[in-house]
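> Okay, sequence plus prediction incoming.
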Amino acid sequence: MTPYFPNQTLEFRIEEPPAFRKFTMSIAEMAIVTGVLFRLYRALAMTVGPTTNWLYFGGTFVLGLLFILGMATLHLGNFPLHRWLWRAPVFALIEAAAESLTSFALILAHREPIGSERAHPHDWLEIAGRTFLWRVVGVCLFALLLAGVVQFVRYMLLRREHRLHTAVAVHEKQSH
């Protein structure tokens with residue numbers, strides 16, 4: 001008897017909207033939107049919420065971290081791993097620059113919180129320096145961890161399908 005449904009599908013495609021795909025592939029657009037939205041979110045969360053509540057503070061921190069790393073993942077996921085080597089740091093630098101400029105605009109509007117007070121223009125260099133340091137280190141470490149997970153999962157899938165020779169051939173080709 002002929003089977004009506006194949007055991008394995010040969011091809012499965014999910015069609016993404018062209019505009020969203022185009023947006024996620026642009027390093028500048030993704031990083032700028034991430035930086036501006038994150039800084040506005042941070043200013044709002046620190047101004048409106050109960051900052052003395054550690055649960056609120058931790059929750060807003062985790063949500064912000066997930067947003068930044070999620071946007072970086074959306075961008076990096078469009079490219080092969082060897083391109084992540086320069087894309088992750090550039091994403092982080094552009095994101096930090098957009099965030100720092102947004103911070104400066106919030107300072108001029110007297111809306112940038114620094115602790116329990118408002119930041120002043122002389123505080124901006126310290127804020128920008130800290131932003132650059134933490135974004136570049138954080139995004140690069142996350143990209144390195146994510147790349148390790150991707151490689152491990154690829155290896156395990158090839159191993160499961162008894163195709164380890166493919167992994168060896170790819171490794172040999174890349175090393176030459």
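Here it is on my side, so go on. Numbers count the residues shown, from 1 in each chain.
> Going by C-alpha atoms from here, please, whenever you check contacts or count neighbours.
Noted.
> top helix in the chain by residue count?
Looking across the chain with DSSP state H, the single longest helix is helix 124-160.
> where exactly do the strands run in the chain?
113-114, 117-118 (DSSP state E).
> Pairing partners for the first one, with directions?
Think strand 113-114. Strand 113-114 pairs in its sheet with strand 117-118 (antiparallel), by DSSP bridges.
> Just checking the distance from the strand it pairs with to the centre of its chain.
Centroid displacement of strand 117-118 relative to its chain, using C-alpha atoms, centre = their mean, to the nearest Å, is 29 Å.
> repeat for stretch 92-112
18 Å.
> now for the longest helix of the chain, which elements pack on it?
On a contact count with 3 or more C-alpha pairs under 8 Å, 6 or more residues apart in numbering; DSSP states H and E, helix 124-160 meets helix 54-76, helix 81-108, helix 164-175.
> Highest mean neighbour count out of those?
Among those, the stretch with the highest mean neighbour count (mean count of other C-alpha atoms under 10 Å) is helix 81-108, at a mean of 20.
> angle of it against helix 54-76?
Angle of helix 81-108 versus helix 54-76, following axes from the mean of the first three to the mean of the last three C-alpha atoms, to 10 degrees, is 130 degrees.
> Taking helix 124-160 as reference, get the angle to helix 81-108.
Compare the direction of helix 81-108 with that of helix 124-160 by the same axes, to 10 degrees and you get 150 degrees.
> for the residue lying closest to Ala143 once chain neighbours are set aside, what are its contacts?
Spatial nearest neighbour of Ala143, chain neighbours left out: Ala88 (6.5 Å); criterion: C-alpha to C-alpha, 6 or more residues apart in numbering. Shown in contact with Ala88 (C-alpha atoms under 8 Å, 6 or more residues apart in numbering): 72, 76, 139-140, 143.
> if I look at the residue nearest to the spatial centre of the chain, how far off is Ala28?
Nearest to the geometric centre of the chain sits Ala72, at 2.0 Å (C-alpha atoms, centre = their mean). Separation of Ala72 from Ala28 (C-alpha to C-alpha, to the nearest Å): 11 Å.
> where do the contact lists of those two overlap?
With C-alpha under 8 Å, 6+ apart as the test, Ala72 and Ala28 both reach Phe91.
> Where does the prediction get shaky in the chain?
Along the chain, segments meeting pLDDT under 70 span 1-17, 166-171, 173-174.
> The same query, at a cut-off of 80, please.
Along the chain, segments meeting pLDDT under 80 span 1-17, 51, 158-159, 161-176.
> residues contacting Ile68?
Going by C-alpha under 8 Å, 6+ apart, Ile68 touches 34, 38.
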